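Novice: following is a predicted model, sequence given first.
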Amino acid sequence: MPHHDLVIIGTGSGNSIPDERYAEMDVAIVEHGVFGGTCLNVGCIPTKMYVYAADVAETIRRASTYGLDASIDKVRWADIRDRVFGRIDPIAAGGQRYRQHEQANTTVYLGHARFTGERALEVAPTDGGAPTTITGDRVVVAAGARPDVPESIATSGVPYHTSDTVMRLDEVPRRLTIIGGGYIAAEFAHVFSALGAEVTMATRGPALLRDQDEEISARFTALARQRWNVLLEAAPSAPPEQRADGTIVTHSRHGAVEADVLLVATGRVPNSDTLDAAAGGLALHTDGRIAVDEQQRTSVPGVWALGDISSAHQLKHVANHEAAVVRHNLLHPEAPRRTDNAHVPAAVFTDPQIATIGLREQDCRARGIPYVTKVQNYGDVAFGWAMEDTSGVCKVIARPDGTLLGAHLMGPEASTLVQPLIQAITFGLDARTMAEKQYWIHPALPEVIENALLGLPLAAG
Ligand SMILES: Cc1cc2nc3c(=O)[nH]c(=O)nc-3n(C[C@H](O)[C@H](O)[C@H](O)COP(=O)(O)OP(=O)(O)OC[C@H]3O[C@@H](n4cnc5c(N)ncnc54)[C@H](O)[C@@H]3O)c2cc1C
Ligand SMILES: NC(=O)c1ccc[n+]([C@@H]2O[C@H](COP(=O)([O-])OP(=O)(O)OC[C@H]3O[C@@H](n4cnc5c(N)ncnc54)[C@H](O)[C@@H]3O)[C@@H](O)[C@H]2O)c1
């Protein structure tokens, strides 16, 4: 039975752990899918490559506002797709080759891992060979999450896509129905509609992007309704059907909707069940996440977990941070580091972009925190005015004394603009100091932040 100093399950963020400091360690890496994990192969990177193409398409469509008459002659979807995966697939293959053939201290197991006991795993090879049992002095569980498909769709027999497959389509569907109203739904609605599809979004809740600040969610929902067929409180009322001509029909309280392709984007569940984490003795949260402490230690000595399988935040920058903590703690148990997820930012790369850091207005209310807010329009600062932006906003939330609590942006470059607010909230810079004690380049877009901060109705002081 092969025994290793360290066994890592999952080649997403887990693959970044063994660096040159691990050269003396006998390391095993187990992967049952494509090397490199979600972000590289089916997540952040390919989606943003499509989003960029979609942004360019929308820029062309909106160019006449600025006196530029332009139109899109043709969307070459297959070329877009092949550019995306022609760049990504070799990176995945190269990563696998490096670990498999160029690192003497690493053994790669290409197969599905299941715990059979504490720090003991059975690996069933993906190519169908006999399973191998492996053990490790230490085990890192970085096995991620997978799309959660409602039972009524999964068992309907009707073909459907998830984010894992939809980017490999052969053509842009004429009609796309997306079930869900969260991150993935909002990003793909933008991509597919910008590239030519008629999009319907059917979500269970009363608004889109309900994890956002309530005002951003409401404003985005209103904008989305102008562009897409948005069905709210529209959980499927019956299983979908497929007609003889291939048309897919979904049902909700709003009636039947026809489409050529169905995309399910109703959340992602941690892979702890398929990994049999319980057989490994690992304590779980009720939602299936592996329970970890601030050092990313699980309930079993010598077993760490990180990323989507254990985190409350299914975000790559969080998984990267947690992987860095585990990388350090494996080497330096005498001086462990702690994960700091006190201020986790996020961005939704839809149209318009959305970015968020800190508390939402509904959090402040629920927690009884005294607060003031200011919503600054992009269009009321010089660059936003030059862009003739009509929907962009920067909302800041602070205690009446100026302590920044949260910031929420919707508009062009929101994911970039939010960074100084992330810095301010993380390092405790107050609103007045941030607004008044530094220059803000005129007439640049960050003036929307400056004016939001200056507009906060703070207590005199
Ligand atoms: C469409 C989409 C877009 C996204 N966009 C963004 C974004 O823009 N920004 C952002 O911050 N986050 C984004 N995310 C989230 C981000 O991709 C994840 O938070 C991150 O990739 C999680 O990393 P991880 O290492 O925890 O898991 P993963 O990268 O999923 O790695 C887990 C690996 O474990 C393997 N595995 C699982 N079970 C087993 C097993 N039993 N045996 C062997 N191998 C196993 C899997 O095949 C996988 O390769 C997006 C996600 C999706 C789906
Ligand atoms: N830009 C980014 O950082 C980015 C992009 C994509 C994904 N992600 C990560 O991946 C995670 C998963 O994304 P997601 O969009 O699948 O999940 P999500 O949790 O963001 O949204 C799920 C949506 O599906 C709806 N829903 C759930 N069950 C439903 C049902 N039966 N019928 C109709 N609607 C239903 C919910 O109301 C919600 O609107 C995100 O939470 C995020 O952490 C991040």
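Specialist: Yep, that arrived. Numbers count the residues shown, from 1 in each chain. Ligands and ions are numbered 1, 2, ... in the order given.

Novice: so residue 422 sits against residue 345, correct?
Specialist: Yes. Assessed by C-beta atoms under 8 Å, residue 422 is found in contact with residue 345 at 4.9 Å. Bear in mind the C-beta positions are built from the backbone N, C-alpha and C, glycine included.

Novice: who touches both of those two?
Specialist: residue 357 (C-beta atoms under 8 Å, 6 or more residues apart in numbering).

Novice: comparing the two, which residue is more hemmed in?
Specialist: Between residue 422 and residue 345, counted using other C-beta atoms under 10 Å, the more crowded position is residue 345 (20 against 17).

Novice: so what's that one up against?
Specialist: 317, 355, 356, 357, 418, 422.

Novice: show the backbone phi and psi for the first one.
Specialist: Looking back up the chat, that one is residue 317. Main-chain torsions, residue 317, degrees, to the nearest 10: phi -70, psi -30.

Novice: is it true that residue 262 lies in a strand?
Specialist: Yes. Assigned with DSSP: H, G, I helix; E, B strand; the rest coil, residue 262 falls within a strand.

Novice: how far away is it from residue 151?
Specialist: 15 Å (C-beta to C-beta, to the nearest Å).

Novice: does residue 176 touch residue 199 like I think?
Specialist: Yes. Shown here, residue 176 and residue 199 form a contact pair, counting by C-beta under 8 Å, at 5.2 Å.

Novice: which residues of the stretch 51-200 of the chain fall in helices?
Specialist: With DSSP state H, counting those that start in this stretch as the criterion, the stretch 51-200 of the chain has helices at 77-101, 151-154, 183-194.

Novice: can you name the residues of the protein sitting close to ligand 2?
Specialist: 150, 179-185, 187, 203-205, 235-236, 265-268, 314-315, 346-349 (C-beta under 6 Å from any ligand atom).

Novice: if we can go back for a sec, deepest of the helices of the stretch 51-200 of the chain, which one?
Specialist: Ranked by mean neighbour count, those are led by helix 183-194 with a mean of 25 (mean count of other C-beta atoms under 10 Å).

Novice: quick one: contacts for the closest residue to residue 24 other than its chain neighbours?
Specialist: Sequence neighbours aside, residue 105 is the residue nearest to residue 24 in space, at 7.3 Å (criterion: C-beta to C-beta, 6 or more residues apart in numbering). For residue 105, the contacting residues are 22, 23, 24, 25, 26, 27, by C-beta under 8 Å, 6+ apart.

Novice: distance check, residue 105 against residue 395.
Specialist: Residue 105 sits 50 Å away from residue 395, going by C-beta to C-beta.

Novice: swap in residue 163?
Specialist: From residue 163 to residue 395 the distance is 28 Å (C-beta to C-beta).

Novice: what's the answer for residue 284, then?
Specialist: Going from residue 284 to residue 395 by C-beta to C-beta gives 36 Å.

Novice: list the contacts for the residue in the stretch 101-250 of the chain that ligand 2 sits nearest to?
Specialist: Closest residue of the stretch 101-250 of the chain to ligand 2, C-beta to the nearest ligand atom: residue 182 (1.9 Å). Residue 182 makes contact with 203, 208, 209, 210, 211, 265, 266, 267 under the criterion C-beta under 8 Å, 6+ apart.

Novice: without its sequence neighbours, what residue ends up closest to residue 280?
Specialist: Per C-beta to C-beta, 6+ apart, closest to residue 280 is residue 115, 3.0 Å.

Novice: just to revisit the earlier point, near ligand 1, list only the ones from the contacts of residue 182.
Specialist: Counting by C-beta under 6 Å from any ligand atom, no member of the contacts of residue 182 reaches ligand 1.

Novice: ok, of those, which come out buried?
Specialist: The neighbour-count test (16 or more other C-beta atoms under 10 Å) marks 203, 208, 209, 210, 265, 266 as buried among the contacts of residue 182.

Novice: in a markdown table: the contacts of residue 105, plus neighbour count, pLDDT and secondary structure.
Specialist: Rendered in a markdown table, the data for these read as follows (neighbours: other C-beta atoms under 10 Å; pLDDT from 0 to 100; DSSP: H, G, I helix; E, B strand; the rest coil):
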| residue | neighbour count | pLDDT | secondary structure |
| --- | --- | --- | --- |
| 22 | 18 | 97 | helix |
| 23 | 12 | 95 | coil |
| 24 | 7 | 96 | coil |
| 25 | 16 | 98 | coil |
| 26 | 17 | 98 | coil |
| 27 | 22 | 98 | strand |
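
Novice: give the helix, strand or coil label for residue 278.
Specialist: Residue 278 falls in the helix class when you classify it by three-state DSSP.

Novice: distance of residue 7 from ligand 1?
Specialist: Per C-beta to the nearest ligand atom, to the nearest Å, residue 7 is found 11 Å from ligand 1.
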